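**Student:** One predicted model, sequence on top.
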Amino acid sequence: MRHLSVRVHRTATDQHRHACCIPQTTLDPVLARLDILHTTTYRYRQAVKLGPHRLMLRPRETRELRLFSHELSISPPATVTWAHDVAGNAIATAVFDAPTDHLVIDSRAMVELSAPAWPVFPIAASAAQFPFIYSADEWTDLGALTVPQYHDADGRFANWIDGFVMARPTDTLSLLKDISNGVFMQISYQSRDAEGTQSPIETLDRGWGSCRDFAVLLAESARRLGLGARIVSGYLSDPETSLIGSAGAGSTHAWVEIFIPGAGWIAFDPTNRSVGSQNLIPVAVGRGIHQISPIAGKISGGPNVFCDLSVGVSVRMSVPFGDAI
């Protein structure tokens, strides 16, 4: 038997780019009740044996996201067990009994978003200016999230980051906004269906990347500055299209959270040049993209059995903005 690895992280954002920030018009939290449907379909040329599949599809509850319901529908039938990983992500493991020529995974969720349009972050006085020092406990707990993941032998990447540090000390939040905006301005969005991500230097040299590459570039920048950063996978809601029921209102997406004492984890979406969690629906967080793929598993059934893969995501508003209860 030949084992074929199936690891998917495709983004509907890879179909089109939200070229600017989603309009924000209020200082108050904006409530939105959203229905999410994420369907993944694999087809094979002949019956294959499915190994256990790891599913990361359940939205993460946060102070600004309330999860009302979530259900998985899987064909062929599977035995599903749940656990939480080291990062607190909800992990479903699907185990299959019989060979099959297809695999369809439907994930349905209803969530309520209440993130403010213009967040004010209560950053601790000790961290308001960069550089700052994490407490001993914070440093220990952040651990590998502060460690750069890519080599920078010739210092090119470090030099690129230093170009944003105009003075020392400097305002921490402004510095991070400048770097995120720099990623947005200097890197052109381009869809890429291939698995994996580019290294930060590859993205800078090529001048283009997907949302995954944008997130990796920003996270690595923060780590080079000694800050804790994690990559987030999830969905993007665009209320301007959700209001008219557009099928393209949502997408799987990737962004970054950076830990700042006092404020905690602050979301930065360099693909859309936005700060804060409005319009972002997190599903999983991790040190790297490879840890947060929505679906990962193996099949066995001979060579060239894979036929087709399709991924569809819909994020629709079930209650208009401002009317959620």
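**Tutor:** That came in fine, so what should we check first?
**Student:** Domain parsing of this protein, as residue ranges.
**Tutor:** 3-114+293-319, 125-291 (automatic domain parsing).
**Student:** gap between the shortest one and the chain center?
**Tutor:** On the basis of CA atoms, centre = their mean, to the nearest Å, domain 3-114+293-319 is displaced by 12 Å from the centre of the chain it belongs to.
**Student:** sorry, back to before: looking at the domains of the chain, which is buried most?
**Tutor:** By mean neighbour count, with neighbours taken as mean count of other CB atoms under 10 Å, domain 125-291 ranks first of these at a mean of 19. (C-beta placed from N, C-alpha, C; glycine too.)
**Student:** Mind checking the pLDDT average for that domain?
**Tutor:** Per-residue pLDDT values across domain 125-291 average out to 91.
**Student:** What is the end-to-end distance of that domain?
**Tutor:** End-to-end distance for domain 125-291, by CA to CA, to the nearest Å: 33 Å.
**Student:** now it, how far from the centre of its chain.
**Tutor:** 10 Å.
**Student:** show me where the stretch 51-200 of the chain has helices.
**Tutor:** Along the stretch 51-200 of the chain, the stretches classed as helices by DSSP state H, counting those that start in this stretch are 136-142, 156-162, 172-186, 200-206.
**Student:** Against which helices or strands is the first one packed?
**Tutor:** The contact analysis (3 or more CB pairs under 8 Å, 6 or more residues apart in numbering; DSSP states H and E) places helix 136-142 against no helix or strand.
**Student:** Just want the angle from the strand or helix carrying Ala222 to helix 172-186.
**Tutor:** Counting by DSSP states H and E, the element that carries Ala222 is helix 211-224. Helix 211-224 runs at 140 degrees relative to helix 172-186, counting by axes from the mean of the first three to the mean of the last three CA atoms, to 10 degrees.
**Student:** tell me what the next helix or strand after helix 211-224 is packed against?
**Tutor:** Later in the chain than helix 211-224, the nearest helix or strand by DSSP H and E is strand 229-237. Judged by 3+ CB pairs under 8 Å, 6+ apart, the packing partners of strand 229-237 are strand 32-55, helix 211-224, strand 250-260, strand 280-286, strand 306-319.
**Student:** Export the helix holding Ala222 to PDB, keeping only CA atoms.
**Tutor:** Output of helix 211-224 as PDB, limited to C-alpha atoms (Å, rounded to 0.1, in the frame of the first residue of the first chain):
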ATOM      1  CA  CYS A 211      -2.700  35.600   3.300                       C
ATOM      2  CA  ARG A 212      -0.600  32.700   4.800                       C
ATOM      3  CA  ASP A 213       2.600  34.400   3.600                       C
ATOM      4  CA  PHE A 214       1.500  37.800   4.900                       C
ATOM      5  CA  ALA A 215       0.900  36.200   8.300                       C
ATOM      6  CA  VAL A 216       4.200  34.400   8.400                       C
ATOM      7  CA  LEU A 217       6.000  37.500   7.400                       C
ATOM      8  CA  LEU A 218       4.400  39.600  10.200                       C
ATOM      9  CA  ALA A 219       4.700  36.900  12.900                       C
ATOM     10  CA  GLU A 220       8.400  36.400  12.100                       C
ATOM     11  CA  SER A 221       8.900  40.200  12.200                       C
ATOM     12  CA  ALA A 222       7.400  40.400  15.700                       C
ATOM     13  CA  ARG A 223       9.600  37.500  16.900                       C
ATOM     14  CA  ARG A 224      12.700  39.100  15.500                       C
END
